[in-house]
Each structure stands twice: as structure tokens, then as C-alpha cells.
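# What follows is a predicted structure for the sequence shown.
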Amino acid sequence: MRALLARRDVRLLVLARMIDMAGSNALWIALGIRVKELTGSSSAAGLTFFAFILGTLGAPLGGALVDRLRRRPLLIVLNLVSVVLVLPLLLVHDRHSVWICYLVMTLYGLASGVTSSAMTAFTQTLIPSEHLGDANGLLQTLLQGLRLIAPLLGAGVLSAFGLGLLVAGDAATFALAALLIVLIRQREDRPQSDQQEEAGVQIAAGFRYIARTPALRQFTVAVVLAVVAFGFCESVLFAVVDAGLHRPPTFLGVLGSLQGAGAIAAGVAAAVFMRRAGEGRTVMLGLACAAAGFLLSAAPSLFAVAPGAVLIGASLPLIIAGVMTLFQRRTPVSLMGRTDAALNVLIGVPQTAAIGAGAALIALVDYRIMLAVMGALMAASALYLATRATHAPIGAVVTGPVTKKSGEGTPTAVLPHRG
């Protein structure tokens, strides 16, 4: 871990990501709260997150772009574009302008999906493959740890100064993140691709690679089950605060901070646990934490909901770091953007459907029943992974050539090692 942080470029990349996500997390939670205040509807508030996920469904187009361009310049441009994207939120003043929130969040999601693929691919080229687990564990510790500050900051600034200051602050964080990436000295070669490929074939390459790689396919199935539960969570947590705890919507910021506390503890342990037990068991532990957290959140008591929030937060860095490390180690450089984008879509479609269903069901079904279903989905996902034995050892790294399928470009044989 120290060796990673001793590298100037790694520090700049991590700092850029932290600043970007700090502004985004503060704005996202505040935007949901603001919509709840303007409309009085938990469903309307949950739809802000639905709009964001809907935008990420454009990720395959972005993934193809990532695998054709240098990732560092692309990240700079994406951050600068995001500065402009958030500014229309300054026009949101009443319930009749809530549609602006949904439009901005959709475009925000599109930009975020491309940025995610570019960041994953750039990290893969910047960090030696044997240190990817440490890097992802560190990144998740820092990013999820921001949830201790960002939700309270977002809710507090919203209450004291309104939405405008948060929008301006988020725009500033994007600009600063772009500047930090400019300062990174790492230079890349343009990703190799077969210029004779049809556009549709290029876009679908990531999906095909996941489908024919057993470990990636099985992890994707498990994560899809999990994200359905997390999708319901977007609307259900508003009901937990309102109907369960009888607190104002701003109390959601407190629960977000408790999730951040759990994320810090789990993020610190994620890299160590991956080295000793592998990515598979790391993800399974995260799924089990989420199942327990959702079940605890069904109790109408802060003494149960608070530790439940901690466990839900702890689940995120374990699942994300484990899955991200596995995909980076098992995917050739030339396919990383499209494979990451394909994973985002395979996750995003059911998650989008779940967020939409959750926003509708929360008005019809008792939130405690929904939490029980969410816990069951997490347990089923963990059990599915625990019973898979068809893939190679979880910690394996791509070391040999990847067979070229008809219509696909020639991928890089090994992950890069940079000292």
C-alpha cells in the first residue's frame, strides 16, 4: 500500500477520483432530499437515482470509445463536460422544475458510465497487476469513507444555503479533478483495435468476453442478483427514515454517514482479505453483510437500523473491490473499456428496473416486506457464488494470449507491469 502511494501519478489519480466523488455524493443525496421536499413523494425522490442509472445504459458506446482513445485525455474531457452538465440544476426552484433534476441526472449517468470505464482502464495500465487488489481496496476505503462526510455535508449545505451552492461546488470538483489528471505524467499508447471491425461488433466485444469467461460470467450473475436488492434500496431507505424511524428526510444523511463508517472498516480489510482468501470469498462476505444489513433495517428502531446501515456500507467496498480486481486481472488491456462498460450495462439494466419498481412498490407494499426480499436476494447471490466450482482459481491473472473470436480485435496478451 505504501509503495502505491509513494508514486506521484497514483496519488494524483486517487486524489482526482476522491474530489470528483466527494462533490457527486454530496449533490446526489441532496438532490434526492430536495425532490422529496418539493414533491412530498418518496417515489419521486427515488426516481432521481433511477434517472442516473438510466443514463449509464449508454455505457457500451462509451466503452468502445475508451478502447479507441487514450484514457488520460479522455478523462480530462469528461470531467470538463461534467462541469457544464450540472449547471441546469440551478434552475430547480419548485415541483414544476423537478423534471430538470431527472434530465440532468440522466446525462450525469451517461457521463459517469464513460468515466467509470475510462478510470478502470487507466488504473489497469497505471498499476502493476499484482497490486490491483491493494489499489482497489485503498480506493474503495477512501471513496466509501467519503460517505462519512459527503451525505452530511450535502444535507447540511442544502438546509442552510439551498441547492445552488452544492451545484456550484460539484462543478468546481469536476474542474479540479480535470486539473489533477492533467498533472499525471504517465503517457499511454493509443489502444490497439481492428479498424475493420463493424461498430456493432466492437461494441458487443465486452459482452462476448464476459459470456465466454466462466469466472467473469459467474460473478456477473451474482452481482446482478445483488443490484436488484440495492435498486430497491434507493426508495426503501426513504421509507425507513419516514415510516420506520419517524425522522425528517434529512436524516437520510445520517444513515449515509453510518454506511461510510462501515465502508472505511471494510475497505481497509478488503485488500488483506483478497490476498488471503481471494476475490470470490471477498465478494461473498460483502453479500452476506448486505443481507444482514437489510434485515436489520426492517426493525422500527434506530438501535437496529444503525448497525444495519453500517453493514450495508461495509458490503459495498468488499463487493466492488473484489469484482473490479477480478475483472481487471482477467481482461486484456484492449478490451478493458468495453468489458467494464458491458458489466455496467448488465448491472445497470436490472438495477434500473429495480429502482423503478421500488419507487412504485414502496407506495403499495410495506417497506419491511421489501427489505426481507432484498435480504433474501443478497443471500441467494452469496449462495450462488459459494456453489460455483467451474472457474479457475479466483486470484489468477491473465497470463496467456486470449483467443481471437470472429469479428473481434486482437487483445493484449498480458496485463501491463509498470514499476
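Cool, the structure landed. Source: prediction; values computed, not measured.

# Okay, helices next: where are they in the stretch 1-150 of the chain?
2-5, 8-39, 42-56, 59-66, 71-85, 98-126, 132-145, 150-161 (DSSP state H, counting those that start in this stretch).

# Please identify which helix or strand holds the residue positioned nearest the centre of the chain.
In the chain, the residue lying closest to the centroid (CA atoms, centre = their mean) is I320, at 7.4 Å. Per DSSP states H and E: I320 is located in helix 302-330.

# mean confidence score for that helix?
For helix 302-330, mean pLDDT rounds to 89.

# just stretch 268-275 next, same as before
Stretch 268-275 comes out at a mean pLDDT of 83.

# For that stretch, buried residues please.
Neighbour-count burial for stretch 268-275, counted by 16 or more other CB atoms under 10 Å, picks out 268-271, 273-274. For every residue, glycine as well, the C-beta is placed using N, CA and C.

# what about T387, how many neighbours?
8 (other CB atoms under 10 Å).

# Quick one: closest of the helices of the stretch 1-150 of the chain to S235.
helix 42-56 (3.3 Å; CB to CB).

# So which other helices or strands are in contact with the closest one?
helix 8-39, helix 98-126, helix 214-239, helix 336-361 (3 or more CB pairs under 8 Å, 6 or more residues apart in numbering; DSSP states H and E).

# where does this structure have low pLDDT?
Scanning the chain for pLDDT under 70 picks out 1-6, 144-148, 151, 188-201, 389-419.

# mind checking how far the nearest residue to L107 once chain neighbours are set aside is from F174?
Leaving out its chain neighbours, the residue that sits closest to L107 by CB to CB, 6 or more residues apart in numbering is L85, at 5.3 Å. From L85 across to F174, the span is 9 Å (CB to CB, to the nearest Å).

# again, but for Q202
Q202 is 28 Å from F174, by CB to CB.

# Q124 now?
23 Å.

# go on, Q186?
21 Å.

# got it, and L258?
Note on L258: its distance to F174, by CB to CB, is 27 Å.

# quick one: which of the two has more around it?
F174 (25 against 22).

# Distance from the chain centre to stretch 126-145, please.
14 Å (CA atoms, centre = their mean, to the nearest Å).

# Would you mind writing the CA trace of that stretch as PDB?
Provided in PDB are the C-alpha atoms of stretch 126-145 (Å, rounded to 0.1, in the frame of the first residue of the first chain):
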ATOM      1  CA  LEU A 126      -1.100   2.600 -14.400                       C
ATOM      2  CA  ILE A 127      -0.800   0.000 -11.600                       C
ATOM      3  CA  PRO A 128       1.000  -3.400 -11.800                       C
ATOM      4  CA  SER A 129      -1.400  -6.300 -11.900                       C
ATOM      5  CA  GLU A 130      -0.200  -7.900  -8.700                       C
ATOM      6  CA  HIS A 131      -1.100  -4.600  -6.900                       C
ATOM      7  CA  LEU A 132      -4.500  -4.200  -8.300                       C
ATOM      8  CA  GLY A 133      -6.200  -5.700  -5.200                       C
ATOM      9  CA  ASP A 134      -4.300  -3.300  -2.900                       C
ATOM     10  CA  ALA A 135      -5.200  -0.400  -5.200                       C
ATOM     11  CA  ASN A 136      -8.900  -1.200  -5.400                       C
ATOM     12  CA  GLY A 137      -9.100  -1.800  -1.700                       C
ATOM     13  CA  LEU A 138      -7.400   1.500  -1.000                       C
ATOM     14  CA  LEU A 139      -9.600   3.300  -3.500                       C
ATOM     15  CA  GLN A 140     -12.800   1.900  -2.000                       C
ATOM     16  CA  THR A 141     -11.600   2.700   1.500                       C
ATOM     17  CA  LEU A 142     -11.200   6.400   0.600                       C
ATOM     18  CA  LEU A 143     -14.200   6.700  -1.700                       C
ATOM     19  CA  GLN A 144     -16.600   4.900   0.500                       C
ATOM     20  CA  GLY A 145     -15.100   6.700   3.500                       C
END
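
# mind listing what's buried in that stretch?
126-127, 129, 131-145.

# Show me which residues of stretch 368-379 are buried.
368, 370-371, 373-375, 377-379.

# Return the closest of those with respect to C233.
Of the buried residues of stretch 368-379, the one sitting nearest to C233 (CB to CB) turns out to be M374, at 6.7 Å.

# which SSE is that closest one in?
helix 367-386.

# got a list of contacts for that helix?
Here helix 367-386 makes contact (CB atoms under 8 Å, 6 or more residues apart in numbering) with 218-219, 221-223, 225-226, 228-230, 232-233, 236, 239-240, 243-244, 280, 283-284, 287-288, 290-292, 294-295, 297-298, 315, 358, 361-362.

# Weed out the non-buried ones from those.
218-219, 222-223, 225-226, 228-230, 232-233, 236, 239-240, 244, 280, 283-284, 287-288, 290-292, 294-295, 297-298, 315, 358, 361-362.

# Who are the contact partners of F238?
Counting by CB under 8 Å, 6+ apart, F238 has contacts 32, 36, 42, 45-46, 249, 252, 362.

# my bad, should have said G322
270, 274, 279-280, 282-283, 286.

# From these, which land in helices?
270, 274, 279-280, 282-283, 286 (DSSP state H).

# Any idea how many residues pack against the nearest residue to I53 once chain neighbours are set aside?
Nearest non-adjacent residue to I53, counting by CB to CB, 6+ apart: T352, 4.4 Å away. T352: 23 surrounding residues under other CB under 10 Å.

# okay but T352 is in contact with E234, surely?
No. The criterion here is CB atoms under 8 Å, and T352 misses it with E234 at 10.6 Å.

# Identify the contacts common to those two.
F50.

# rewinding a little: so which of the helices and strands packed on helix 42-56 gets nearest I181?
helix 8-39 (5.3 Å).

# between the closest one and helix 214-239, how big is the angle?
Helix 8-39 runs at 40 degrees relative to helix 214-239, counting by axes from the mean of the first three to the mean of the last three CA atoms, to 10 degrees.
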